[in-house]
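Asker: structure, please.
(one chain, ligands or ions: 1)
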Amino acid sequence: MAKETNIKGNGMARVQDKVALVTGAAQGIGRATALLLGREGAAVAVADTNARDGEAVAEQIRAAGGKSRFWALDVSKEAEVAAVIAEVGKEFGRLDILVNNAGISGANGTSEEISEAEWDRVMNTNAKSVFLCTKHAVPLMRRSGGGSIVNLSSVYGIVGSHNVAAYHASKGAIRIMSKTDALAYAEDGIRVNSVHPGFIWTPMLEAGAQVPGVAPEAVHSAMAKLHPLGTLGEPGDVAYGILYLASDEAKFVTGCELVIDGGYTAR
Ligand SMILES: NC(=O)c1ccc[n+]([C@@H]2O[C@H](COP(=O)([O-])OP(=O)(O)OC[C@H]3O[C@@H](n4cnc5c(N)ncnc54)[C@H](O)[C@@H]3O)[C@@H](O)[C@H]2O)c1
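Answerer: Next up is the predicted model:
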């Protein structure tokens, strides 16, 4: 008879006793993910350039009875990434889950409108960071007996739009890096998947919704209408998908694209 090894009937939390590193966890989707993983039993390393809000997230997890610590980290700098991952290993003893979430939308513009510096900033923060964090997390995960890497791409990594060239390039890179890493590390028991949110109401989107001369509510409602379900997403909508991929419930899932977009890409 087939075994149902990952169906838990014992009320255990969904990522009990796992160790997770979430980048860009001071706000938005990363914050919601860190809080949810903490609530579901993981020890959470919260990493971000924003120390004030990042410390507050770690404190919130501890106040709820969980384990967490904040690390100041710029994910585009290899020396910082290597040092933080080594410290996470020392502090928590292992690494089971890496959520490569830190990202920026960067400058609006077509290829002919943006500068080389603007392109580099977006690619370094969004795509090079996935390479660096994966590179330094994999040896620790391998020593931990396997793990789950969840990379934040976007619907903008699947379909185009007219004026954020570098962002699309970075999110498309993350999509295919995830499949390549899924194949490279399958035999180590390390699963790698990408998540593709539609428009999620976070500080990133709020900043992008500042259109001179247009009321914020009008921009919000125009953005919502892009999604067949008629609303914007919330950070928790994405965090629950990440939790699934991070957990053993997804033990047969690797190289997949989890689209969480209110139907945006269904057309
Ligand atoms: N909000 C959306 O609509 C949406 C849609 C699709 C994909 N995404 C992706 O989801 C991820 C999170 O987005 P969000 O909306 O929560 O963004 P956000 O701007 O609200 O939060 C991003 C976090 O990343 C941190 N960060 C930025 N650069 C960093 C760096 N170099 N090193 C470490 N931390 C850094 C910021 O300080 C911030 O705390 C991003 O990768 C984004 O591209 C967002």
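
Asker: which residue packs closest to G109, ignoring adjacent ones?
Answerer: N163 (6.1 Å; Cβ to Cβ, 6 or more residues apart in numbering). All C-beta atoms are positioned from the backbone trio N, CA, C, and that covers glycine.

Asker: can you report how many residues neighbour K67?
Answerer: The number of residues packed near K67 is 17, by other Cβ atoms under 10 Å.

Asker: so what sits opposite the spatially closest residue to it that is not a sequence neighbour in the bridge?
Answerer: Excluding the flanking residues, the one nearest K67 by Cβ to Cβ, 6+ apart is A43, at 3.8 Å. Beta-bridge pairing for A43 (DSSP bridges): V19.

Asker: before we move on, back to that, so who does the residue nearest to G109 touch?
Answerer: Neighbour list for N163: N108, G109, T110, E113 [criterion: Cβ atoms under 8 Å, 6 or more residues apart in numbering].

Asker: which stretches of this protein have low pLDDT?
Answerer: The model of the chain has pLDDT under 70 over residues 1, 8-10.

Asker: how about the helix ranked longest in it: buried residues?
Answerer: Ranked by number of residues, the top helix in the chain under DSSP state H is helix 165-185. Residues of helix 165-185 classed as buried: 165-175, 177-179, 181-182, 185 (neighbour count, 16 or more other Cβ atoms under 10 Å).

Asker: who does that helix touch, helix- and strand-wise?
Answerer: helix 116-122, helix 129-143, strand 147-152, strand 190-197 (3 or more Cβ pairs under 8 Å, 6 or more residues apart in numbering; DSSP states H and E).

Asker: how about the ones you listed in TSV, adding distance to the ligand and mean neighbour count?
Answerer: Formatted as TSV, the helices and strands packed on helix 165-185 follow (distance: least, Cβ to the nearest ligand atom, whole Å; neighbours: other Cβ atoms under 10 Å):
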stretch	distance to the ligand	mean neighbour count
helix 116-122	9	15
helix 129-143	7	20
strand 147-152	4	27
strand 190-197	4	26
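
Asker: of all the ones you listed, which one is nearest A58?
Answerer: When the helices and strands packed on helix 165-185 are compared by Cβ to Cβ, helix 129-143 sits nearest A58, at 18.2 Å.

Asker: with only the CA atoms kept, save that closest one in CSV.
Answerer: Presented in CSV, the C-alpha positions along helix 129-143 are these (Å, rounded to 0.1, in the frame of the first residue of the first chain):
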residue,chain,number,x,y,z
SER,A,129,20.9,38.1,-5.7
VAL,A,130,19.1,34.9,-6.4
PHE,A,131,22.4,33.5,-7.9
LEU,A,132,24.4,34.7,-4.8
CYS,A,133,22.0,33.5,-2.1
THR,A,134,21.5,30.1,-3.9
LYS,A,135,25.2,29.7,-4.3
HIS,A,136,25.9,30.2,-0.6
ALA,A,137,22.8,28.4,0.7
VAL,A,138,23.1,25.2,-1.2
PRO,A,139,26.1,23.8,0.7
LEU,A,140,24.4,24.4,4.0
MET,A,141,21.1,22.9,2.8
ARG,A,142,23.0,19.9,1.4
ARG,A,143,24.5,19.4,4.9
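
Asker: next, the angle from it to strand 147-152.
Answerer: Angle of helix 129-143 versus strand 147-152, following axes from the mean of the first three to the mean of the last three Cα atoms, to 10 degrees, is 170 degrees.

Asker: let the chain start at 48 from now.
Answerer: Got it, the first residue is 48 from now on, which makes the last one we talked about helix 176-190.

Asker: ok, the most centrally placed residue in the chain to the ligand distance?
Answerer: Centroid-nearest residue in the chain, with Cα atoms, centre = their mean: N148, separated by 2.8 Å. Using Cβ to the nearest ligand atom, to the nearest Å, we find N148 at a distance of 5 Å from the ligand.

Asker: swap in L279?
Answerer: Between L279 and the ligand the distance, using Cβ to the nearest ligand atom, works out to 8 Å.
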